[in-house]
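[1] got a structure for you, letters missing:
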């Protein structure tokens, strides 16, 4: 079957690091992608240098049978654009197998359901939920009906766009690090980060979360380091997404382990300074995928 070939191809990807700027000296020469769902593989990397780091990634084949992407829909006549959700709540509510946080937003809420505005373009099922911020116009990730992804600069042609999320500044273009990060005043500071990369001409997504603000466990990365991480994972183009206490990656828990809940946190988010606590976010990107005929072992 086709998905068996896809999973076999995803199992091990060798990445050349000779030309990389070695900010991450312990990066493995071979990144192993462990299949989680049809067309979705996961890699978890632990580094001790340049500081303790936990890096989590999902590699998504957009051509995989049964795969689709979803994001947040508007909340109708309420004052702000969407009702915020924890990333795990978004995954469960939308029947996803994996999800990450996405665009920046405001205000913060402690519980699911509070109204929030998204800072950037969001399109859900072809309908515009949030438009590009005119004060700080930034690039967006768009998915069209041909199931190809692209990172596009404003003004964005939304004709034919099925799904879109707003970026928080470019990291890579055509495989090269973007030299300036004027959008982020904390460019050299180490923080939890979330990023999205694209490779293989828009056929493959690379979703990454780096834990941070947890001394001795994972202390976070700067934006130049995040750019390098995305390049080492094989991304050709990449954008930064909302980070800090919002950075979260979740997957569906295998059926035989549902007694502990329907989802599993892949990373260790740190909302409010409390490790393992999720922040309510206005914006997410979810992956719906076919379950494998066996349950993977998730670390």
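    In hand now; what should we look at? As the structure is a computational prediction, the values presented were derived from the model and not from experiment. Residues are numbered from 1 along each chain as shown.
[2] for residue 168, see how far away residue 233 is.
    Counting by CB to CB, to the nearest Å, the gap from residue 233 to residue 168 is 18 Å. Quick note: C-beta positions are derived from backbone N, CA and C, even for glycine.
[3] okay, strands next: where are they in the stretch 101-250 of the chain?
    Using DSSP state E, counting those that start in this stretch, the strands found in the stretch 101-250 of the chain span residues 104-106, 115-119, 122-124, 127-130, 140-144, 149-152, 161-166, 170-173, 176-177, 193-199, 204-210, 237-240, 249-252.
[4] ok, residue 191 touching residue 243?
    Yes. Under the criterion of CB atoms under 8 Å, residue 191 makes contact with residue 243 at 5.5 Å.
[5] for these two, list the residues in contact with both.
    residue 212 (CB atoms under 8 Å, 6 or more residues apart in numbering).
[6] so which of these two has more stuff around it?
    Neighbour tally, residue 191 and residue 243, criterion other CB atoms under 10 Å: the higher count belongs to residue 243, 24 against 19.
[7] need the contact list for the more buried one.
    Neighbours of residue 243 in contact, by CB under 8 Å, 6+ apart: 168, 191-194, 212.
[8] can you check residue 75 too?
    Applying CB under 8 Å, 6+ apart to residue 75 gives the contacts 81-83, 115.
[9] that one and residue 116, how far apart?
    In terms of CB to CB, residue 75 sits 9 Å off from residue 116.
[10] next, show the common contact partners of these two.
    Counting by CB under 8 Å, 6+ apart, the residues touching both residue 75 and residue 116 are 81-83.
[11] and the residues you listed, which of them are buried?
    Neighbour counting with 16 or more other CB atoms under 10 Å marks 81-83 as buried within the shared contacts of residue 75 and residue 116.
[12] tell me the confidence at the closest residue to residue 172 other than its chain neighbours?
    Leaving aside its chain neighbours, residue 172 sits nearest to residue 238 (4.1 Å; criterion: CB to CB, 6 or more residues apart in numbering). The model reports residue 238 with a pLDDT of 98.
[13] how about residue 216?
    Residue 216 is assigned 97 on the pLDDT scale.
[14] now do residue 133
    Residue-level confidence at residue 133 comes out at 85, pLDDT.
[15] please apply the same query to residue 196.
    pLDDT for residue 196: 98.
[16] residues contacting it?
    Residue 196 makes contacts with 100, 102, 141, 165, 167, 205-208, 238-239, 241, 285, as judged by CB under 8 Å, 6+ apart.
[17] who's it bridged to?
    residue 207, residue 239 (DSSP bridges).
[18] end to end, how far does stretch 109-117 reach?
    By CA to CA, to the nearest Å, the extent of stretch 109-117 from end to end equals 12 Å.
[19] switch to numbering from 101
    With the count now opening at 101, the last piece we talked about shows up as stretch 209-217.
[20] quick check: mean pLDDT of it?
    Mean pLDDT, stretch 209-217: 97.
[21] give me the residues contacting that stretch.
    175, 178-186, 189, 205-207, 230, 380-382.
[22] pull out the buried positions in it.
    In stretch 209-217, counting by 16+ other CB under 10 Å, buried: 209, 214, 216.
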